[in-house]
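Undergrad: okay, predicted coordinates and the sequence, questions at the end:
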Amino acid sequence: MTVDLKTGAAVEIIGLNKWFKTFQALRDINLTVLRGERLVICGPSGSGKSTLIRCINGLERHQEGRVIVEGAELTGEVGKIDVVRANVGMVFQQFNLFPHLTVLENCTLAPMWVKHLPKKEAEALAMQYLERVHIPEQASKYPGQLSGGQQQRVAIARALTMQPRIMLFDEPTSALDPEMIKEVLETMVELAGTGMTMLVVTHEMGFARTVANRIVFMDVGEIVEVAAPDDFFNNPKSARTKEFLAQILR
Amino acid sequence: MAALRRPPRIRVPGPIQWMHENLFSSAFNSVLTLVAAFLIYQTVVPFVQWAFIDAAWSGNSRDACLTFEDGACWPFIIERSGQIVYGFYDVAERWRVDVVFIILGLGLAWLTVPGTPGKIYVGALMVAVFPIVAFVLLVGGFGLVHVPIEKWGGLLITLVVAVTGIVVSLPLGIVLALGRRSDLPVVKGLCVAFIELWRGVPLITVLFMSANMLPLFMPDGMTINKLLSALIAVALFSSAYMAEVVRGGLQAISKGQYEAAAAVGLGYWRSMAFVILPQALRLSLPNIVGNFIGLLKDTSLVSIIGFYDLLGIVQAGNADAEWATPNTAMTGYVFAGALFWVMCFSMSRYAKALEDNLQAGERR
């Protein structure tokens, strides 16, 4: 896949430290993600991958360091977080669709109530993105009536309707049956083709190999290694990366 | 591949087989069945005998009832029906109560029957405009004769207290429940204190205090309407309980829902209004209605601070020497109980229908 990096940083993380009570979840994270870049973050469970991307849209508050998203720094200030979240979409492991709303309503809720679009416009926008994830015929169903793969594609469409500049994926295929992983990954590959900045926490090494510009390997709250896919898989530098790859690529 | 088949037909047992399977499947079950049948026979038959077959149905004094020694005295209820509904409300003005009842009934029917258009507007009218209209109609003003609350009674008082409690306690309970889960320590502390204070005190105590102690704290010359203070007391009391019911629903909503709402940029209030509360209230619906039913029944406690509610007015009638018969009191209580039961059972059925309806929509 071609690399089409626009100038400038989408996300800048400088000296980030994060604790849960006394447990240190992130240690001295420094990371710059360029616009249009597709970053895959991997590592064993508990290594802080999810915590790291959750710090980017303020679902987790960090105690030290700076997180700057599209020029807006996440500080404790009220209101700042909304500016950041307007630019950042997120897809969760458990989909987290709103079960009491139809697929279409899931996708129009935020455009109508955050961006104040009229209902008709919001619906047109939502249908456009539902078509993009190949699921427009399910618009009037409730999430509970869809398969896991379909739900996750709706979740992607829901995030896209806010027209974010950055998309965060927190293990988007981990809760899916094997035959559904493919349809979600294909949707993500298509999204990557549009030039969207993507940060993806995943164990799907095939996806990492073909789609990522860089792979970030984390362990015990630290970034151990950042490398292009070829280098990462063929010439891992650190012993911990080698060990991880040996386990995951049996 | 094996051919698709229809599911096998369900065998419908005949009545004898049904009885054998469900009532007499073992010796022990047969004994239980016979004991239960005996108990039902011993209670239901005499009751039906007393309430309907041996009962006095017509007449206009106690003499009519005295000839039916072992039956209910329905003429007493018929003669007192005006009082049971309106209390001592001026007879010439009772149409005003009727109008309030009719508006309330139509409004509720509009809101509860599925498929009627404009539910939101009707609901808003019922919450915002109806109380004012009802207040003017019941109390007087704008050319209507003033009817002091001392004259109100019966079903009127019961419904005024219950409807006020219900209408106030749900929104206030929601606010308190949200406050209790707030990250702001002061808001949280105040809400916890409020909820625990009211939940820790029996309703009777609250009513006594509202009737007897509140006036002592009032500045000289200022009096507070006794009914108003009772209404406030009941509303605050039930709000505290409602808050805990709603909190239970809020706790059942997964963290993922809060995070998903936050991630698409909905702030706190919009997350609550569109994502969290619709789900939480749906989950707590059975308990919310349970609270409403409890509240409706608890209104009979206002009789101890001098109001003649549905139960109180029946009780007052029992003491009337003109109607003193062996069966008057029993008849009155059975009638009051039946009225309460009809109201509570309707609420319960409506809640069940609503629940089924909501579930059918989502097919979760």
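TA: That came through, no problem. Computed from a predicted model, the values in this text were never measured in an experiment.

Undergrad: what residues sit buried inside whichever strand or helix holds A:Gly65?
TA: A:Gly65 is part of strand A:64-69, with elements assigned from DSSP states H and E. The neighbour-count check on strand A:64-69 (16 or more other CB atoms under 10 Å in any protein chain shown) flags A:65, A:67-69 as buried. Just so you know, the C-beta spots here come from the backbone N, C-alpha and C atoms, and that holds for glycine as well.

Undergrad: what's the answer for stretch B:266-275, then?
TA: By neighbour count with 16+ other CB under 10 Å, stretch B:266-275 contains the buried residues B:266-267, B:270-272, B:274-275.

Undergrad: got it, and stretch B:340-351?
TA: For stretch B:340-351, by 16+ other CB under 10 Å, it's B:340, B:343-344, B:347, B:351.

Undergrad: pLDDT check: weakest of those residues?
TA: Across those, the member with the lowest pLDDT is B:Ala351, scoring 86.

Undergrad: that one in helix, strand or coil?
TA: Secondary structure state of B:Ala351, per DSSP: H, G, I helix; E, B strand; the rest coil, is helix.

Undergrad: who's in contact with it?
TA: B:285-286, B:288-289 (CB atoms under 8 Å, 6 or more residues apart in numbering or on different chains).

Undergrad: now swap in A:Ile248 and tell me
TA: A:Ile248 touches A:42, A:203, A:205, counting by CB under 8 Å, 6+ apart.

Undergrad: need these in CSV (columns: secondary structure).
TA: As requested, these are arranged in CSV below (three-state DSSP):
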residue, secondary structure
A:Cys42, strand
A:His203, coil
A:Met205, helix
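
Undergrad: which one of the residues you listed is nearest to B:Leu310?
TA: B:Leu310 lies nearest to A:His203 out of those, by CB to CB, at 66.0 Å.

Undergrad: helix or strand right after the lowest-mean-pLDDT helix or strand in chain B?
TA: When the helices and strands of chain B are scored by mean pLDDT, DSSP states H and E, helix B:214-217 comes last with a mean of 75. Using DSSP H and E, the next helix or strand after helix B:214-217 towards the C-terminus is helix B:226-252.

Undergrad: what's the angle between the helix or strand that that next one is followed by and helix B:226-252?
TA: Using DSSP H and E, the helix or strand that follows helix B:226-252 in sequence is helix B:255-263. Here helix B:255-263 runs at an angle of 100 degrees relative to helix B:226-252 (axes from the mean of the first three to the mean of the last three CA atoms, to 10 degrees).

Undergrad: show me which residues of chain A sit near chain B.
TA: A:57-59, A:82, A:85-86, A:88-90, A:92, A:94, A:96-100, A:109-110, A:113-114, A:142, A:144-145, A:155, A:158-159, A:162 (CB under 8 Å from any CB of the partner chain).

Undergrad: tell me the secondary structure of the nearest residue to A:Met162 once chain neighbours are set aside, please.
TA: Among residues not flanking A:Met162 along the chain, A:Ala110 sits closest, at 5.4 Å (CB to CB, 6 or more residues apart in numbering or on different chains). Put simply, A:Ala110 is helix when judged by three-state DSSP.

Undergrad: let's see which of the residues of chain A next to chain B end up in strands.
TA: The members of the residues of chain A next to chain B that map onto strands under DSSP state E are A:88-90.

Undergrad: pipe these into CSV and attach neighbour count, distance to B:Ala329 and pLDDT per row.
TA: CSV is the format used below for those (neighbours: other CB atoms under 10 Å in any protein chain shown; distance: CB to CB, whole Å; pLDDT from 0 to 100):
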residue, neighbour count, distance to B:Ala329, pLDDT
A:Val88, 26, 71, 94
A:Gly89, 27, 70, 95
A:Met90, 27, 67, 96
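
Undergrad: what about A:Val11, which helix or strand?
TA: Per DSSP H and E: A:Val11 is located in strand A:9-20.

Undergrad: actually A:Gly206, not the one I wrote
TA: Counting by DSSP H and E, A:Gly206 is found in helix A:205-211.

Undergrad: who touches that helix?
TA: Contacts to helix A:205-211, defined as CB under 8 Å, 6+ apart, come from residues A:1, A:38, A:40, A:42, A:185, A:188-189, A:192, A:200, A:202, A:215, A:229, A:232-233, A:248-249.

Undergrad: switch the cut-off to 10 Å
TA: Applying CB atoms under 10 Å, 6 or more residues apart in numbering or on different chains, the contact partners of helix A:205-211 are A:1, A:38-42, A:169, A:172-173, A:181, A:184-186, A:188-189, A:191-193, A:198, A:200, A:202, A:204, A:212, A:214-215, A:229-230, A:232-233, A:245, A:248-249.

Undergrad: next one: stretch B:56-74
TA: B:46-47, B:49-55, B:75-76, B:78-79, B:320-332, B:334-335.

Undergrad: quick revisit: angle of the strand holding A:Val11 against strand A:64-69?
TA: Using the same axes, to 10 degrees: strand A:9-20 against strand A:64-69 is 150 degrees.

Undergrad: buried sites along strand A:9-20?
TA: Quick answer for strand A:9-20 (16+ other CB under 10 Å): A:9-13, A:16, A:18.

Undergrad: helices or strands up against the helix-or-strand element of chain A with minimal mean pLDDT?
TA: Ranked by mean pLDDT, DSSP H and E, the helix or strand of chain A with the weakest confidence is helix A:80-87, at a mean of 84. Helices and strands touching helix A:80-87, by 3 or more CB pairs under 10 Å, 6 or more residues apart in numbering or on different chains; DSSP states H and E, are strand A:9-20, strand A:64-69, strand A:72-73, helix B:255-263.

Undergrad: make a markdown table out of those and add mean pLDDT and distance to A:Thr241.
TA: Converted to a markdown table, these look like this (pLDDT from 0 to 100; distance: least, CB to CB, whole Å):
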| stretch | mean pLDDT | distance to A:Thr241 |
| --- | --- | --- |
| strand A:9-20 | 93 | 20 |
| strand A:64-69 | 92 | 24 |
| strand A:72-73 | 87 | 31 |
| helix B:255-263 | 94 | 30 |
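
Undergrad: could you dump those to TSV with distance to B:Ala134?
TA: Formatted as TSV, the helices and strands packed on helix A:80-87 follow (distance: least, CB to CB, whole Å):
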stretch	distance to B:Ala134
strand A:9-20	54
strand A:64-69	54
strand A:72-73	52
helix B:255-263	38
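
Undergrad: so which of the ones you listed is nearest B:Lys151?
TA: Smallest distance to B:Lys151 across the helices and strands packed on helix A:80-87 (CB to CB): 51.2 Å, for helix B:255-263.

Undergrad: then whatever helix or strand comes next after that closest one to PDB, C-alphas only?
TA: Counting by DSSP H and E, the next helix or strand C-terminal to helix B:255-263 is helix B:268-271. Provided in PDB are the C-alpha atoms of helix B:268-271 (Å, rounded to 0.1, in the frame of the first residue of the first chain):
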ATOM      1  CA  TYR B 268     -22.200  14.600  30.200                       C
ATOM      2  CA  TRP B 269     -25.800  15.800  29.900                       C
ATOM      3  CA  ARG B 270     -26.300  14.600  26.400                       C
ATOM      4  CA  SER B 271     -24.700  11.200  27.200                       C
END
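
Undergrad: what about helix B:268-271 and chain A, touching?
TA: Yes - using CB under 10 Å from any CB of the partner chain, helix B:268-271 reaches chain A at B:270-271.

Undergrad: after that helix comes which helix or strand?
TA: Next along from helix B:268-271, by DSSP H and E: helix B:277-298.

Undergrad: that next one - contacts with which helices or strands?
TA: Using 3+ CB pairs under 10 Å, 6+ apart: helix B:277-298 touches helix B:154-180, helix B:203-208, helix B:226-252, helix B:328-362.

Undergrad: still on that earlier bit, nearest to chain B among the buried residues of strand A:64-69?
TA: The closest of the buried residues of strand A:64-69 to chain B turns out to be A:Val69 (CB to the nearest CB; 13.0 Å).
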